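Trainee: task: produce atomic coordinates for the following.
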Amino acid sequence: MSIFSYSSYVQRAVGFFTRWRLSWIRPQVQYPSLYYRYSYDIANVLELKTIGLYAQAGKVRWKKSFTVVTAAIMLAPLALALILASADLARPPQHLASGYFGWLVYFFFLTIFEIVVSIVGVTIFHNLTDYLERVLTQRGRDTYDRWANATTSNWPQLTFATMFCGVACIALWVASSGNVMNNRLYIALPSYLTIAICSYFISQGTYWIVTGTFLSILLTRADHIQPSWYSAAYTPGIELLARLYRLAFYGASLGVGLCLYPLLTWVYKAPDSGPLLAVKIGLFIASVTAALSIAIIPQWRLSAVVANQRRAAIEQLEALLPPDVNSLASGRQVDPEILSWLQLVSASPSSTVQNSTIAGIFLGLATAILPYILRLLV
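Mentor: Next comes the predicted model:
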């Protein structure tokens, strides 16, 4: 084989790798505004696309037929369980029947909760995009575009959802394969189906919480965001973004608690053992760490932007004043308008964190670990 043949194979391999890599990123398109662009970002969110949301002419629209089909798929495991039980093909023991059907219903409503929270979240962010665009610099807008092109592509979302569903189903199989759980938990085909469907939607919520937190780091880099110089914390774009991240934390905390409750219920049904204790501790650490990361990182990054802008404004105003008291004694006049501006800037908050924010963090954290408290008390 000649060197030219090898070169041809190399070119084909490079071309395939390039096409594969580009398939993970949405094509770069120019949009007239961030609000217009985010309509298409919403339409590319995998779970929202699943229930029928799409974008047309910069507006989010809804195909109701998709929602009906998705609802039917979500109800399919419960319907299948009833059919199998009535046909005596997969009938749970009498003492496990309530738990079996109860958990199928629980995960159905957990899926609905996740979808509702996602719709509320994207709607709130969509409504603040006009204000956010005013405080973003060109570098900040370019950064958002690159982030959105990568995160709203199908392949990253599908890959994460597949891995998440796979891990959830394997964990359920491990729980069902042990003799210890046979008399405590009934698991059949509908159990795997409902876990797969619920995990698909929960994986999307997890994906966007992680990527959304990462976005807060990207947008708050130097020269990416420019709040008002005289009251940085009360800049509409900054204030609304901080509020959105607080609401996201509350929703995530409630979601963590709802997801942990069945896991801990099953774990605490099994006899105590070393591996089981490690699972309990691991779940506790993971839930607390996730909740605190979502609560702290965005507020910390936004507060750093506010503090830097406030400090820069104070330094610039002070540079317009006399350098020392002796200059005043020599008769140098001070512009009263500068003093009033300096007083206004100095009195402005140096952080997006308020007393209500701190109280909300503790409340959200308590919500996330509520399943542990309930299991310890029961």
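Trainee: drop to CA atoms for contacts and neighbour counts, all remaining ones
Mentor: Fine.
Trainee: report the longest helix in this protein, please.
Mentor: helix 274-318 (DSSP state H).
Trainee: what is that one packed up against?
Mentor: Packing partners of helix 274-318 (3 or more CA pairs under 8 Å, 6 or more residues apart in numbering; DSSP states H and E): helix 189-219, helix 236-269, helix 336-347, helix 355-368.
Trainee: turn these into a markdown table, columns for distance to residue 148.
Mentor: As requested, those are exported to a markdown table (distance: least, CA to CA, whole Å):
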| stretch | distance to residue 148 |
| --- | --- |
| helix 189-219 | 9 |
| helix 236-269 | 17 |
| helix 336-347 | 34 |
| helix 355-368 | 28 |
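Trainee: kindly reformat the ones you listed as JSON lines containing mean neighbour count.
Mentor: Shown next, in JSON lines, are the helices and strands packed on helix 274-318 (neighbours: other CA atoms under 10 Å):
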{"stretch": "helix 189-219", "mean neighbour count": "19"}
{"stretch": "helix 236-269", "mean neighbour count": "20"}
{"stretch": "helix 336-347", "mean neighbour count": "14"}
{"stretch": "helix 355-368", "mean neighbour count": "17"}
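Trainee: for residue 108, helix, strand, or coil?
Mentor: Three-state call for residue 108 (DSSP: H, G, I helix; E, B strand; the rest coil): helix.
Trainee: okay, now the nearest residue to it once chain neighbours are set aside: neighbour count?
Mentor: Spatial nearest neighbour of residue 108, excluding adjacent residues (CA to CA, 6 or more residues apart in numbering): residue 74 at 6.6 Å. Neighbours of residue 74 under the rule other CA atoms under 10 Å: 20.
Trainee: look up how far residue 189 lies from residue 74.
Mentor: 14 Å (CA to CA, to the nearest Å).
Trainee: could you report the pLDDT at the residue nearest the centre of the chain?
Mentor: In the chain, the C-alpha closest to the average C-alpha coordinate belongs to residue 209, at a distance of 1.3 Å (CA atoms, centre = their mean). We have a pLDDT of 88 for residue 209.
Trainee: report the contact partners of it.
Mentor: 248, 252, 294 (CA atoms under 8 Å, 6 or more residues apart in numbering).
Trainee: residue 130: what's it in contact with?
Mentor: Neighbours of residue 130 in contact, by CA under 8 Å, 6+ apart: 33-35.
Trainee: just the buried ones from these?
Mentor: Buried by 16 or more other CA atoms under 10 Å: 34-35, out of the contacts of residue 130.
Trainee: now, among the contacts of residue 130, which is nearest to residue 323?
Mentor: residue 34 (44.2 Å; CA to CA).
Trainee: show me the shaky parts of the stretch 51-200 of the chain.
Mentor: 177-183 (pLDDT under 70).
Trainee: which residues in it form strands?
Mentor: For the stretch 51-200 of the chain, the strands defined by DSSP state E, counting those that start in this stretch cover 53-56, 59-62.
Trainee: can you list those strands in a markdown table and add distance to residue 281 and mean neighbour count?
Mentor: As requested, the strands of the stretch 51-200 of the chain are arranged in a markdown table below (distance: least, CA to CA, whole Å; neighbours: other CA atoms under 10 Å):
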| stretch | distance to residue 281 | mean neighbour count |
| --- | --- | --- |
| strand 53-56 | 39 | 18 |
| strand 59-62 | 43 | 15 |
